[in-house]
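S.K.: How does the following fold in three dimensions:
(chains A, B, C and D)
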2 protein chains.
Amino acid sequence: MVAYTPGQVVEETGFSLDTLRYYERIGLLEPIGRNASGQRRFTEGDVSWLGMVRCLRDTGMPIAEMVRFAELVRAGDQTIPERVEVLEAHDRRVEEQLADLRDKQEALQRKIHYYKDVMSIPDGVYDAQGQQAL
Amino acid sequence: MVAYTPGQVVEETGFSLDTLRYYERIGLLEPIGRNASGQRRFTEGDVSWLGMVRCLRDTGMPIAEMVRFAELVRAGDQTIPERVEVLEAHDRRVEEQLADLRDKQEALQRKIHYYKDVMSIPDGVYDAQGQQAL
DNA sequence: TCTTGCGCTGGAGTGCACTCCAGCTTGCAG
DNA sequence: CTGCAAGCTGGAGTGCACTCCAGCGCAAGA
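M.R.: Residues are numbered from 1 along each chain as shown, chains lettered A, B, ... in the order given. Next up, the predicted model:
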């Protein structure tokens, strides 16, 4: 039975020690096991759950919703259909984020091109007329 | 010379009135013109700059960086090369965001599939062995 | 043995980006 | 003329997600 020290979990997950303790406090992590002197020892399962947390967090799921999801996971297999609903709803939001980000990036790139065009006009000829909106 | 009332700008840009005032306070908007009795009247230029702000904000540029960019814009055409650098650096960050978001979405969808597989196993056969990490 | 570093707790503090409020003035529809 | 929606100011408050701190305990390598 392998166990991870807090330092190892920081290393593996990229979460800070304070963040791990915070996640435990708010119930995003179930109470972490301790060794004889009270130091945390994370299991493989804790670490892999943190992988899930990272995925959800980095795709913009609010902490409160992750906590609710964590509760479903702890409640056992009969919550799997509900978990699927939560994840599918989240997936749709991610899809929207992606579409929006792509659109905004296009606008950004148009702006960059516009600036580059302006720069290519010989000095003094460009007179600030015909400004573009985006 | 068309002018926009605060309400019209809220309508057009989707920023709240408080947000517009906040943006003016911190210098993300230059001081907005006023009518005889002190109410704001936004110009076409103000509104199109707000379009730019929305694009940068929605792609994750921090307010402080937008303010610096606004200062470059106000400083005149000789800052165009520097503006291009700022926007290109931002564009690269957006590219990274997109790549990361796509990866995370894939992981999320794998998880959803995993759950759906689990659900398709007849009742009682699935015994929580072979849990997957993500 | 010593000292360096990892870890512990509860609670306070931070940074960002707004958002709200009281108390007031203006604009305009009926 | 009246009433009410829209707008004004300065300043305080909010929500989120951490992040930091003081003061302490344990442990292991030089």
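S.K.: what's the helix or strand A:Gly45 falls within packed up against?
M.R.: According to DSSP states H and E, A:Gly45 maps onto helix A:44-58. When contacts are defined as 3 or more CB pairs under 8 Å, 6 or more residues apart in numbering or on different chains; DSSP states H and E, helix A:44-58 packs onto helix A:6-13, helix A:63-75, helix B:80-120. C-beta coordinates here come from the backbone N, C-alpha and C atoms, glycine included.
S.K.: Tell me the buried residues in it?
M.R.: A:46-50, A:52-57 (16 or more other CB atoms under 10 Å in any protein chain shown).
S.K.: got it, and stretch A:93-100?
M.R.: Buried residues in stretch A:93-100 (16+ other CB under 10 Å): A:94, A:97-98.
S.K.: One more: stretch A:71-79?
M.R.: Buried residues in stretch A:71-79 (16+ other CB under 10 Å): A:Leu72.
S.K.: can you pull the alpha-carbon coordinates of it into CSV?
M.R.: Extracted C-alpha coordinates of stretch A:71-79, given in CSV (Å, rounded to 0.1, in the frame of the first residue of the first chain):
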residue,chain,number,x,y,z
GLU,A,71,-20.2,14.4,-2.6
LEU,A,72,-21.8,12.4,-5.3
VAL,A,73,-18.7,10.3,-5.7
ARG,A,74,-18.6,9.6,-2.0
ALA,A,75,-22.3,8.7,-2.0
GLY,A,76,-21.6,5.6,-4.1
ASP,A,77,-22.4,4.0,-7.4
GLN,A,78,-26.0,4.8,-7.5
THR,A,79,-25.1,8.5,-8.2
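S.K.: and the nearest residue to A:Ile26 once chain neighbours are set aside, how many neighbours does it have?
M.R.: Excluding the flanking residues, the one nearest A:Ile26 by CB to CB, 6 or more residues apart in numbering or on different chains is A:Val67, at 6.2 Å. Burial of A:Val67 is recorded as 14 neighbouring residues (other CB atoms under 10 Å in any protein chain shown).
S.K.: before we move on, back to that, dump the buried residues of helix A:44-58 into JSON lines; add pLDDT as well.
M.R.: Shown next, in JSON lines, are the buried residues of helix A:44-58 (pLDDT from 0 to 100):
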{"residue": "A:Asp46", "pLDDT": "97"}
{"residue": "A:Val47", "pLDDT": "97"}
{"residue": "A:Ser48", "pLDDT": "96"}
{"residue": "A:Trp49", "pLDDT": "98"}
{"residue": "A:Leu50", "pLDDT": "98"}
{"residue": "A:Met52", "pLDDT": "98"}
{"residue": "A:Val53", "pLDDT": "98"}
{"residue": "A:Arg54", "pLDDT": "98"}
{"residue": "A:Cys55", "pLDDT": "98"}
{"residue": "A:Leu56", "pLDDT": "98"}
{"residue": "A:Arg57", "pLDDT": "98"}
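S.K.: Alright, I will stop here.
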